[in-house]
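Q: below are the sequence and a predicted model; questions follow.
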Amino acid sequence: MKRLIVLLTGTALISFVPAFAEALEMTRVHGGGTGSFGADLDGDGQIDGSQFGFVVAMTGNGVARGSFLCLMAGRSEILGLHLMSVQGQVTAGVLNTDGSATFSGIASVNLGNGTIFRGVPFRVTVLPGGPGVGSMQLTVVGAFDGVPGDTTPGNDNYDLPVETVATGQIAMR
């Protein structure tokens, strides 16, 4: 009986240690600045873009914590809205084999006209780099499918095109 307890305890420890060590390996993904879609998404004659900021800590097992904000206001009016923001808490994230990172969570989407949607899932893929190199792609999951700027109409999501960093930086370490 004593050997069985020692064996079970040892097995539990062996199972726990790699998970704990993996959790200690953390990647920080952070960035802020302005971006450009390089196109007029809503037909108003102006190249669209956003201001963005995020800080995310990701473990190797898909768990992540952090915050994300994408703001289209003032200089970057989009879809005829003077304000549109996606602000949320990050709950999951992974590093991709191409050097990018993808993180997701739950956000509030503010359309600036008094309409705010809460509890909206979102997903962001970022590639590190400064102006002309770094990029970000935002998907609002389960909402706004097919509105101007949606790159994949019919999938129930609002998939914005890839946005290239115009000012600022996206970094991973």
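A: Now that the structure is in, tell me what you want to look at. Residues are numbered from 1 along each chain as shown.
Q: quick one: contacts for residue 169?
A: By Cβ atoms under 8 Å, 6 or more residues apart in numbering, the residues touching residue 169 are 31-33, 129-130, 134. Backbone N, C-alpha and C define where each C-beta goes, glycine included.
Q: strand partners (parallel or antiparallel) of the helix or strand harbouring residue 125?
A: Secondary structure assignment for residue 125, by DSSP states H and E: strand 116-127. Strand 116-127 sits in its sheet next to strand 101-110 (antiparallel), strand 135-140 (antiparallel), going by DSSP bridges.
Q: which of the contacts of residue 169 fall within helices?
A: Using DSSP state H, no member of the contacts of residue 169 falls within helices.
Q: just the ones of those residues in strands?
A: Secondary structure from DSSP state E places 31-33 of the contacts of residue 169 in strands.
Q: where does this structure dip in pLDDT?
A: 1-24, 74-82 (pLDDT under 70).
Q: in it, which residue is most central in space?
A: Centroid-nearest residue in the chain, with Cα atoms, centre = their mean: residue 124, separated by 2.6 Å.
Q: residue 43: which of the ones in strands among the contacts of residue 169 is nearest?
A: Proximity of the ones in strands among the contacts of residue 169 to residue 43 (Cβ to Cβ) peaks at residue 33, which lies at 25.5 Å.
Q: sec struct for the closest residue to that closest one other than its chain neighbours, please.
A: Spatial nearest neighbour of residue 33, excluding adjacent residues (Cβ to Cβ, 6 or more residues apart in numbering): residue 168 at 1.6 Å. In three-state terms, and counting by DSSP: H, G, I helix; E, B strand; the rest coil, residue 168 is strand.
Q: residues in contact with residue 58?
A: Contact analysis of residue 58 by Cβ under 8 Å, 6+ apart lists 26-29, 64, 93-95, 101, 103.
Q: so what strands line up beside the helix or strand harbouring it?
A: Counting by DSSP H and E, the element that carries residue 58 is strand 49-59. Strand 49-59 has its sheet partners listed here by DSSP bridges as strand 26-36 (antiparallel), strand 63-78 (antiparallel).
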